[in-house]
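A.B. asks: build me a model from this:
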Amino acid sequence: MLTWTLLLLLMDHVLCVPVPVNISIWSFNLEHILHFVPGPGTPASARFTVQALKFSRKWKDVPQCATMKPGQQCNLTLVFKDPLDSYQARVQAFTPNQRSNWTKSALFQPLPDTMLGPPRLMLSGCGNCLLLQVSPPLLKTDQLLSLFWKLHVQVQRSRDGAQFNLSMPMREGIRVEHLQRGVEYCVTVVVHTVFNDNSTPGKRLCALSGPPDTAPVARAWLVAVMSVLLFFLLGSWLLCWAPGSRALWHRCWPGP
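C.D. replies: Numbers count the residues shown, from 1 in each chain. Below you'll find the predicted structure:
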């Protein structure tokens, strides 16, 4: 009986620090930050340590997060390196002679669970079209993810709000064809991946499709001028050269 009493007292002594709560991982552009809150009643002198688990492997210490103070965050970007793998983190509070139980985060998958920032967009007119130069957001990874990008483009005509949407694989140069000349269009671009629709839309940009097409007006003026000239020449011929109009001939070109 004495042995069990001592064991219970020892366990109570070791595990009396409140466990951390509200464990979560916030991720933006594949930069992963672990957040947690000290449990109610945690001593001000307590510190916190973090371990990480790659799917189906063992828990490992995160050295840069071994003695964290309350309110500090743990950057797991270099720990959760593979965007397509699965990870988990856990946090423990401790004092010089006491430790809490571990509190685990939910399972975390970097690429599906991150929030993607807005793409970079440049917009210019090209006649009856718009030319879009699109660059994906800058991610905190050295892995190539170009095969996973997809692009959603919304085009809206400023004059009346008429709009249409385009979806396509990610590429830098995009032509939006069959627009009216000399009309302003506004474009919003969102970048997704095949695993993730958590994206921030890019800034809405507007531009004229191109200068108005003056060719029809120029053709109309040319036809009008040619018609007047032809009418004048025909009238002159009738007055001066038609048979039986010798009197008019002398009127047009009087002799010496």
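A.B. asks: can we go C-alpha only for contacts and neighbour counts from here?
C.D. replies: OK.
A.B. asks: helices and strands of the protein: which one bottoms out on pLDDT?
C.D. replies: Scoring the helices and strands of the chain by mean pLDDT, DSSP states H and E places helix 2-14 at the bottom, with a mean of 46.
A.B. asks: could you dump stretch 70-85 to CSV, C-alpha only?
C.D. replies: Extracted in CSV, the C-alpha atoms of stretch 70-85 (Å, rounded to 0.1, in the frame of the first residue of the first chain):
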residue,chain,number,x,y,z
PRO,A,70,4.5,31.7,-22.8
GLY,A,71,3.3,33.5,-25.9
GLN,A,72,6.1,32.5,-28.2
GLN,A,73,5.4,30.7,-31.5
CYS,A,74,7.3,27.8,-33.1
ASN,A,75,8.2,28.0,-36.8
LEU,A,76,7.9,24.5,-38.3
THR,A,77,8.6,25.5,-41.9
LEU,A,78,12.0,23.7,-42.0
VAL,A,79,10.6,20.7,-40.1
PHE,A,80,7.5,20.2,-42.4
LYS,A,81,9.6,20.3,-45.5
ASP,A,82,7.7,18.0,-47.9
PRO,A,83,4.6,19.8,-49.1
LEU,A,84,2.9,16.5,-50.0
ASP,A,85,3.6,14.6,-46.8
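A.B. asks: touching that stretch from outside, list them.
C.D. replies: Contacts of stretch 70-85 with the rest of the structure, by Cα atoms under 8 Å, 6 or more residues apart in numbering, involve 30-38, 44, 46-48, 50, 52, 54-55, 62, 64-65, 87, 109-111, 140-141.
A.B. asks: show me which of these are buried.
C.D. replies: Neighbour-count burial within the contacts of stretch 70-85 applies to 30-32, 34-38, 46-48, 50, 52, 54, 62, 65, 87, 109-111, 141; the criterion is 16 or more other Cα atoms under 10 Å.
A.B. asks: show me those that map onto helices.
C.D. replies: The members of the buried ones among the contacts of stretch 70-85 that map onto helices under DSSP state H are 110-111.
A.B. asks: show me where pLDDT drops low in the chain?
C.D. replies: Low-confidence regions of the chain, defined by pLDDT under 70, span residues 1-15, 146-147, 211-225, 227-256.
A.B. asks: C-terminal to the least confident helix or strand of the chain, what's the next element?
C.D. replies: strand 21-28 (DSSP states H and E).
A.B. asks: what segments of the stretch 151-256 of the chain are strands?
C.D. replies: Along the stretch 151-256 of the chain, counting by DSSP state E, counting those that start in this stretch, strands occupy 163-169, 173-176, 184-193, 205-208.
A.B. asks: just give me how far the longest one sits from the chain centre.
C.D. replies: Averaging C-alpha coordinates over strand 184-193 and over its chain gives two centres that are 8 Å apart (Cα atoms, centre = their mean, to the nearest Å).
A.B. asks: if you compare the directions of the host helix or strand of Ala93 and strand 21-28, what angle comes out?
C.D. replies: Counting by DSSP H and E, the secondary-structure element that holds Ala93 is strand 87-95. Between strand 87-95 and strand 21-28, the angle comes out at 140 degrees (axes from the mean of the first three to the mean of the last three Cα atoms, to 10 degrees).
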